[in-house]
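> show me the folded form of this:
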Amino acid sequence: MSSPQDTADIAPATTWLQRAIDEAAAVGGGQVRVPAGVHRTGALRLRSGIDLHLEAGAVLQFVPDPALYPAVDARWEGAVGIVHSPCLYAHGEKDIAITGLGTIDGAGEAWWDTFRDRREELAHPRPTLIGLHECERVTIKDVALRNSPAWTVHPALCEDVTISGISIRNPADSPNTDGINPESCRNVRISDCHIDVGDDCIAIKAGTERTPHRVATENVTVTGCTMVRGHGGVVIGSEMSGGVRNVVISNCIFQGTDRGIRLKTRRDRGGVVENLRVTNIVMDDVLCPITINPFYFCGPDGKDPHVGDREARPLDAGTPQLRSLHLAHLTATNVHASAGHIFGLPEAPLEDFSMHDVSISFAADPRAAAPEMALDVPERVRSGIELGFVSGGELSRVRVRGADGPAVHTTSCTDLELDVRGNDVHHG
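Numbers count the residues shown, from 1 in each chain. Alright, predicted model coming up:
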């Protein structure tokens, strides 16, 4: 990473850009235009009423020197703590926008190398590219986002967020460079985006058991987006302690993502995920198109024995609840590992789940992989839909082609209605 130097030498645009933002805000707001050309800068703080507009040909190039990203209090991976300031940061502001046909480049490679090889050098977690906390009426439109040091777009505790027409590209091997991660937000609209990243493309979150104030994410729409290569296309969790409800995902394409629609959580997280509707989705070259995993073992305490226990445990405030999840009109081709890995907890079954008009077919030369990250889930190829601990489920007009075994395998499920075309159904 860059060695400390005078800010004016290594990031000459920082001063004039921040002055332009502050001066516009002082007179009630307005548009701050970034002209064509490369502008090297450190962290910038957005203010109420500001539209930061990048003209075509403009590049905001964030310099990877930790001294340019002062410590701020924020949420990070579901907990409250001190982090390096996001490259573009706002806290408690209203009516802010980031727009235009220019590019925002986080110069993430230096941050990634330090994280992978010399993590002890990082005083705080890496910057997100755009981090907006406790803001109202936010718009991010048309810009190209590249090489984020960590998560790319992270609205937390925000209300009325519109993200449209943006493209996000981070290398496939870049660590934790999720695309868009709304966390504990209300009224979020994500549309017409292209997302190609090194982690989940869109991850809807709501804090963890380590978050002092539990705030739900609710009223989220995702439509018309293309997801490429990420670990998941649209993901809920694993940070979901505040709850996630009222989510609609429609008219999207997933290409080469590890998983397509993915829910992940675990015991001790608590929270409720409910009222999810997924429709009109096309996937190709995915490991597993649909996963619901309440045994997720990544992160702090994820390897504790009770997390992966497949026997019923006592219900308590830390028991996650999953219900009213419905998927329809979905096609997945060239699937590798599994047609679906869908589980509740033995003490808290997945309730009111359905799949309708779903067509899944396997790759001719599939790659072996674990469909989910959980204890005792080995790698497999061409496995059918696995349902476990589901109460009140319906699969109708579901077609599974090319499975090496039953099209559907159920374990400890009740009140299921199955209309599945493929190999036999096996009840465990």
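
> please count neighbours and contacts with C-alpha atoms only from this point.
OK.

> where are the low-confidence patches of the stretch 1-150 of the chain?
Residues of the stretch 1-150 of the chain meeting the criterion pLDDT under 70: 1-8.

> quick one: the strands in the stretch 301-428 of the chain?
Applying DSSP state E, counting those that start in this stretch to the stretch 301-428 of the chain gives strands spanning 321-335, 338-343, 350-362, 383-388, 390-401, 408-411, 414-421, 425-427.

> okay, now the sheet partners of the fifth one, with direction.
Read it as strand 390-401. strand 350-362 (parallel), strand 414-421 (parallel) (DSSP bridges).

> just to revisit the earlier point, mean pLDDT lowest where, among the strands of the stretch 301-428 of the chain?
With a mean of 68, strand 425-427 has the lowest mean pLDDT of the strands of the stretch 301-428 of the chain.

> thinking again about what came up before, pick the most buried one from the strands paired with strand 390-401.
Here the criterion is mean neighbour count by mean count of other C-alpha atoms under 10 Å, and of these the winner is strand 350-362, at a mean of 21.

> now the angle from that strand to strand 338-343?
Orientation check (axes from the mean of the first three to the mean of the last three C-alpha atoms, to 10 degrees): strand 350-362 against strand 338-343 gives 170 degrees.

> what is the rounded mean pLDDT of stretch 246-262?
Stretch 246-262 comes out with an average pLDDT of 98.

> alpha carbons only: can I get it in PDB?
Extracted in PDB, the C-alpha atoms of stretch 246-262 (Å, rounded to 0.1, in the frame of the first residue of the first chain):
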ATOM      1  CA  ASN A 246     -41.200  -8.200   2.200                       C
ATOM      2  CA  VAL A 247     -38.700  -8.900  -0.500                       C
ATOM      3  CA  VAL A 248     -39.500  -9.300  -4.200                       C
ATOM      4  CA  ILE A 249     -36.800 -10.500  -6.700                       C
ATOM      5  CA  SER A 250     -37.900 -10.600 -10.400                       C
ATOM      6  CA  ASN A 251     -36.700 -10.600 -14.000                       C
ATOM      7  CA  CYS A 252     -33.000 -11.300 -13.300                       C
ATOM      8  CA  ILE A 253     -30.200 -13.400 -14.900                       C
ATOM      9  CA  PHE A 254     -27.600 -15.200 -12.900                       C
ATOM     10  CA  GLN A 255     -24.500 -16.300 -14.900                       C
ATOM     11  CA  GLY A 256     -21.800 -18.500 -13.200                       C
ATOM     12  CA  THR A 257     -22.700 -17.600  -9.600                       C
ATOM     13  CA  ASP A 258     -21.900 -20.300  -7.100                       C
ATOM     14  CA  ARG A 259     -25.500 -20.100  -5.800                       C
ATOM     15  CA  GLY A 260     -28.500 -18.300  -7.100                       C
ATOM     16  CA  ILE A 261     -31.200 -17.500  -4.500                       C
ATOM     17  CA  ARG A 262     -29.500 -18.100  -1.100                       C
END
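
> thanks a lot, catch you later.
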